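Asks: compute the structure for the input listed below.
(one chain, ligands or ions: 2)
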Amino acid sequence: MELKVNGVTHAISSAPLTSLLEVLREELNILSPKVGCQQGACGTCTVLVDGEPRRSCLLPVVSVEAAEVTTVEGVGAPGDLSPVQAAFHQRYAAQCGYCTSGMIMAAHGLLKRSDGALQREQVIEALSGHVCRCTGYVKIVDAVMAASRGEVDVAELDEMLPAEPSEPEIEIKGSPA
Ligand code: FES
Ligand code: FES
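Replies: Ligands and ions are numbered 1, 2, ... in the order given. Have a look, this model is predicted:
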């Protein structure tokens, strides 16, 4: 079986009924889709399948064999962020970030389907079923609306962010690490 993700075709050895989420994370090491409820209820595993947001925990990989799968890794990168990614950063729409990949993919799909600036109700509807444990939803909705209105200076943000991301150094007193 073959699977096209972010424009690259991969040979897949997982069983056909393995979830797309498991294939992405465990076989292809594409880690932006997160493991949450695994029952379709939290949205943290959301990816785009032919441009439409889908819960990858619910999709057998064989069902998307002929499709184009897109994850956060395919919409932007440090130094080349998409407007939605830049807006999430500038508008403080993420804390722990666990829900962020799914939110960004749902928002990305919404922007692709829409012409111009979004209404708040449209954003809320598109993100319904996406659970955030940290931020509340106001900043997340604000960020998506800002991206839809072109209010995000992606170029300025790209200059601020390192092209090579690294883990922050955290020193815990008393820890041997
Ligand atoms: S892990 Fe897929 S919807 Fe929660
Ligand atoms: S930012 Fe932590 S779950 Fe949403």
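
Asks: hey, let's count contacts and neighbours off CA atoms from now on
Replies: Noted.

Asks: wait, Val64 touches Val47, no?
Replies: No: applying CA atoms under 8 Å as the test, Val64 and Val47 come out as separate, 11.6 Å apart.

Asks: ok, those two, which is more surrounded?
Replies: Val47 (30 against 17; other CA atoms under 10 Å).

Asks: quick one, what contacts the more buried one?
Replies: With contact set as CA atoms under 8 Å, 6 or more residues apart in numbering, Val47 has these partners: Pro33, Pro53, Arg54, Arg55, Ser56, Val69, Thr70, Thr71, Val72, Gly102, Met105, Ala106.

Asks: how is the residue sitting nearest the centre point of the chain assigned, secondary-structure-wise?
Replies: Closest to where the C-alpha atoms of the chain average out (CA atoms, centre = their mean) is Ser101, at 2.5 Å. Each residue gets one of three states, and Ser101 gets helix by DSSP: H, G, I helix; E, B strand; the rest coil.

Asks: same question for Asp115.
Replies: Using three-state DSSP, the structure places Asp115 in coil.

Asks: and the gap between it and Glu73?
Replies: Separation of Asp115 from Glu73 (CA to CA, to the nearest Å) stands at 24 Å.

Asks: so for those two, which residue has more residues nearby?
Replies: Glu73 (14 against 9).
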